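Trainee: Just to be clear, the model below is a prediction. Sequence and coordinates:
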Amino acid sequence: MGHEICVLAPDGIVAEQVSALRASIHMPFAVEHCNVDNCIDVARAALQNGTRVIVARGSMADRVRSSGLDLAVIEIPIAGYDLIDTMRKAKRLSGRVALVGFDNVLIGAEKIAKALGIELFTARVYSVEDSALGVRKAYDAGFRVVIGGQRVVEKAETLGMRALPLSANLENMRQVLLEAERMALVLKNQREAAARLAVTLDSIRDAIITFDTLGSVIFSNSRAERYFKLSQSRQEQAAGFVEGSGLGEAVRRGMDWNGEIVSWNGVHYVCTLNPVVSDMRTIGWVAVLQTGAHLESMEHKMRHTLHNKGHMAAYTLRDIVHASPVTRQLVETARFYAHSPSTVLLEGESGTGKELFAQGIHSESERRRGPFVAINCAAIPESLMESELFGYAEGAFTGARKGGKPGLFELAHQGTLFMDEIGDMPLRLQSFLLRVLEEKTVMRIGQGVNIPVDVRVICAVNKDLFQLVQQGRFRADLYYRLNVLRLGIPPLRQRPEDIAALTQHFLATLPATLNRPGPTLEPEGLDLLLSYGYSGNIRELRNILERIIVTSRGAAVSAAEIAPHLHPSPPQRQGGPAAVTSGPPPPTGLLNRETDSLILRTLAEAGNNKAETARRLGISQATLWRRLRRMGV
């Protein structure tokens with residue numbers, strides 16, 4: 001590897017100057033002796049040996065600069081005092097002097113000649129070939145002393161003229177070499193940045209192509225070359241892809257693409273096309289193309305990430321413990337619903353297992369590999385629900401996360417969104433939800449872009465939703481949009497066979513989680529559990545059995561030991577399996593005080609943790625919050 005800087009020395013003067021400066025400026029450079037005729041060959045050889053910057057005088061600098069070689073050229077300028085010094089020397093030979101050179105040499109020459117008392121003849125040249133013609137004109141005009149570059153000196157000597165070479169002084173040469181050093185450093189940094197960028201672009205799994213404004217390919221990374229045969233040796237194939245895919249026409253028409261489908265050789269690609277703008281002017285375009293296989297891989301990774309975040313169903317319909325014909329029929333109906341893309345409305349009292357059915361429907365559906373995202377519409381304040389459901393853009397409001405945040409609809413893309421207690425959704429947001437269900441797009445807060453979503457919605461309600469419509473508390477159009485496939489889950493008290501099956505299941509599974517031995521129930525104890533009302537349904541049954549397991553002293557639990565764990569149940573609604581209530585009605589009198597006392601005691605035992613309190617009481621958090629508000633807590 002040679003030096004990055006090479007000085008082309010046309011004569012001994014330049015060679016002596018740079019050699020004298022070599023020790024004082026402490027920079028490596030090469031010096032090559034050449035003339036105007038062979039300077040391009042010398043520069044080409046230097047380039048192959050690692051040179052990036054050429055230092056040369058007028059005519060040689062001009063030739064190398066116009067040669068097309070990938071070299072930066074620093075020209076050795078002729079300062080005014082260099083010309084003054086040379087013209088003084090020429091006057092000693094004759095009062096009539098000719099000056100042949102480029103514009104940079106002739107500037108100010110007339111004034112200098114007048115000051116020195118010299119009759120001056122000037123011949124302006126525009127190329128190396130003009131030098132001989134300029135000398136000949138001076139000779140024909142009667143001038144016998146000439147000043148100029150190497151080619152001027154050579155021609156003058158053939159005509160018998162006295163010739164003085166025009167050269168820069170030592171300090172001028174020093175500044176040129178320092179400038180060449182700075183240029184070499186800039187070029188080195190540019191090459192390193194270009195190398196890093198090339199490796200970066202080649203490491204991307206997307207195909208990247210840059211175009212000029214006419215649609216011609218300027219750059220392509222290795223993946224694009226592999227996909228579309230864009231190498232320099234296959235320009236016909238490159239042109240065939242650009243025009244055949246429609247990219248060339250899109251570039252010429254200035255069309256922004258975002259997610260357009262491009263097909264080539266039977267393979268489909270998703271393409272994004274963006275303009276390159278400089279100084280308020282489009283100077284080119286960049287296309288990014290992804291294959292379908294790559295998108296499927298990214299989707300798989302996204303699903304894996306969502307699984308790690310908990311957005312996956314944990315249960316299937318097979319996990320629903322039951323023994324009653326009613327529940328068996330519900331499970332079969334849910335399995336039938338699972339294979340439909342329609343919205344499902346689950347109705348039932350709190351604690352009947354609506355989310356378990358929702359997860360089961362998702363797990364049996366074609367969306368089972370997608371996310372399962374759940375939201376409790378009663379547990380989120382109205383001010384936050386819109387951003388939770390639909391997301392927000394960066395800077396949408398004070399405290400908005402940098403980069404924005406996707407909403408639950410986006411997270412549930414190609415999966416299922418379970419909306420529990422949908423009857424408590426504010427009316428204002430019901431219209432937004434209806435629009436999403438109808439148009440299958442969402443718009444983040446603060447971002448005017450519609451984002452397509454493919455989501456199946458399963459809703460659950462523990463109230464009479466139609467009654468809410470009649471009261472004006474729920475939109476009728478949304479009700480009919482949600483009430484496509486309906487599944488009414490009866491309360492536990494109406495399916496006693498399930499009470500026995502669930503009791504057996506909890507007694508078999510809970511002891512291990514509680515680190516307690518598993519007790520058995522005496523027949524009278526089981527009869528007592530079967531006759532209990534369970535206003536909290538399955539959740540209440542589980543909590544009762546958990547208390548029994550924790551507090552039992554012996555291997556068998558009697559009815560007398562179970563009775564203290566049961567609370568008098570309020571009157572229940574009459575109706576069939578699909579009867580829906582909003583939870584137990586407010587207790588009155590002595591029962592009211594006892595219930596309030598139980599809630600406050602449980603809240604204190606749970607360290608004021610409302611979620612844990614609701615779990616221990618066997619009620620939903622929303623029910624607990626409503627009761628606490630009634631109590632003024």
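Mentor: Sure, I can see it. Note that the structure is a prediction, hence the values are computed from the model and not measured. Numbering: from 1, shown residues only.

Trainee: Can you report how many residues neighbour Pro275?
Mentor: Neighbours of Pro275 under the rule other CB atoms under 10 Å: 15. Where you see a C-beta, it was placed from the backbone N, CA and C, and this is true even at glycine.

Trainee: ok but it is inside a strand, no?
Mentor: Yes. Counting by DSSP: H, G, I helix; E, B strand; the rest coil, Pro275 is part of a strand.

Trainee: Enumerate every residue touching Leu487.
Mentor: Leu330, Thr333, Ala334, Tyr337, Val344, Leu345, Leu346, Glu347, Phe357 (CB atoms under 8 Å, 6 or more residues apart in numbering).

Trainee: Inside strands: which ones of those residues?
Mentor: Val344, Leu345, Leu346, Glu347 (DSSP state E).

Trainee: give me the beta-bridge partners of the third one?
Mentor: Think Leu346. Beta bridges link Leu346 to Ala460, Leu487 when assigned by DSSP bridges.

Trainee: so who does it touch?
Mentor: Per CB under 8 Å, 6+ apart, neighbours of Leu346: Lys354, Phe357, Ala358, Ile458, Cys459, Ala460, Val461, Leu487, Ile489.

Trainee: hmm, 6 Å instead?
Mentor: For Leu346, the contact set (CB atoms under 6 Å, 6 or more residues apart in numbering) comprises Lys354, Phe357, Ala460, Leu487.

Trainee: Farthest-apart pair in those, please.
Mentor: For the contacts of Leu346, the farthest-apart pair by CB to CB is Ala460 and Leu487; their separation is 9.4 Å.

Trainee: Do you have the strands of the stretch 501-633 of the chain handy? List them.
Mentor: Secondary structure of the stretch 501-633 of the chain (DSSP state E, counting those that start in this stretch): strands at 520-521, 556-557.

Trainee: Tell me which residues are up against the first one.
Mentor: Applying CB under 6 Å, 6+ apart, the contact partners of strand 520-521 are Ala556, Val557.

Trainee: who does that strand pair up with?
Mentor: Counting by DSSP bridges, strand 520-521 is paired with strand 556-557 (parallel).

Trainee: and the partner strand, how far from the chain's centre?
Mentor: 60 Å (CA atoms, centre = their mean, to the nearest Å).

Trainee: What are the contacting residues of that strand?
Mentor: Strand 556-557 is contacted by residues Pro519, Thr520, Leu521, Glu522, Gly525, Ile548 when judged by CB under 6 Å, 6+ apart.

Trainee: Can I get the buried part of those residues as one PyMOL selection?
Mentor: Applying 16 or more other CB atoms under 10 Å to the contacts of strand 556-557, the buried members can be selected in PyMOL as follows:
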select buried, resi 519+521+522+525+548
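
Trainee: picking that back up, out of the contacts of Leu346, flag the one nearest to Ser216.
Mentor: Ala460 (58.7 Å).

Trainee: which of the ones in strands among the contacts of Leu487 has the most neighbours?
Mentor: Leu346 (29 neighbours).

Trainee: ok but Glu192 is inside a helix, no?
Mentor: Yes. Counting by three-state DSSP, Glu192 is found in a helix.

Trainee: so what's Val97 closest to, chain neighbours aside?
Mentor: Ala90 (4.5 Å; CB to CB, 6 or more residues apart in numbering).

Trainee: would that neighbour count as being in a strand?
Mentor: No. Applying three-state DSSP, one finds Ala90 to be helix, outside a strand.

Trainee: mind checking pLDDT for it?
Mentor: Predicted confidence (pLDDT) at Ala90: the value is 90.

Trainee: I figured it was touching Val146, is that so?
Mentor: No. Between Ala90 and Val146 there is no contact under CB atoms under 6 Å: 8.3 Å.

Trainee: Look at Ala287 and tell me its secondary structure.
Mentor: strand.

Trainee: quick one on the thing from earlier: neighbour count: Ala90 and Val146, which is higher?
Mentor: Neighbour tally, Ala90 and Val146, criterion other CB under 10 Å: the higher count belongs to Val146, 27 against 24.

Trainee: show me what contacts the more buried one?
Mentor: Val146 makes contact with Ala98, Ala138, Ala156, Met161, Ala163 under the criterion CB under 6 Å, 6+ apart.

Trainee: Reduced to three states, what does it come out as?
Mentor: Three-state call for Val146 (three-state DSSP): strand.

Trainee: And Leu8, by the same measure?
Mentor: Look at Leu8: counting by three-state DSSP, its state is strand.

Trainee: how many other residues sit next to the residue nearest to it when sequence neighbours are not counted?
Mentor: Spatial nearest neighbour of Leu8, excluding adjacent residues (CB to CB, 6+ apart): Ala56 at 4.1 Å. The local packing of Ala56 (other CB under 10 Å) involves 28 other residues.

Trainee: what's the answer for Thr327, then?
Mentor: Thr327, neighbours per other CB under 10 Å, totals 21.

Trainee: repeat for Ala184
Mentor: Look at Ala184: counted by other CB under 10 Å, it has 21 neighbours.

Trainee: Just want to check the distance between Leu429 and Ile445.
Mentor: 12 Å (CB to CB, to the nearest Å).

Trainee: which residues touch Asn49?
Mentor: Gly2.

Trainee: Then Ile458?
Mentor: Val344, Ala358, Thr416, Phe418.

Trainee: Give me the contacts around the helix or strand hosting Leu384.
Mentor: Per DSSP states H and E: Leu384 is located in helix 382-390. With CB under 6 Å, 6+ apart as the test, helix 382-390 has contacts from Ile380, Gly407, Leu408, Pro426, Leu429, Val442, Ile445.

Trainee: Look up the pLDDT of Trp285 for me, please.
Mentor: 88.

Trainee: ok, now Ser350?
Mentor: 91.

Trainee: circling back to that earlier point, keep only those of the contacts of Ile458 that are in helices.
Mentor: Ala358 (DSSP state H).

Trainee: Pick out whichever of the contacts of Ile458 sits closest to Gln17.
Mentor: Each of those was scored against Gln17 by CB to CB, and Thr416 proved nearest at 81.5 Å.

Trainee: Next up, the contacts around that closest one.
Mentor: Counted by CB under 6 Å, 6+ apart, Thr416 has contacts His362, Arg367, Phe372, Arg456, Ile458.

Trainee: Isn't the third one up against Ala314?
Mentor: This means Phe372. No. Phe372 is beyond contact range of Ala314, at 8.5 Å (criterion: CB under 6 Å).

Trainee: remind me which residues of the stretch 201-350 of the chain are low pLDDT?
Mentor: Scanning the stretch 201-350 of the chain with the threshold set as pLDDT under 70 gives 231-239, 292-310.

Trainee: Please repeat the previous calculation with a cut-off of 80.
Mentor: 201, 203-205, 226-242, 244-245, 258-259, 263-267, 291-312 (pLDDT under 80).

Trainee: the strands in it, which residues?
Mentor: 207-211, 217-220, 257-264, 267-278, 281-291, 344-347.
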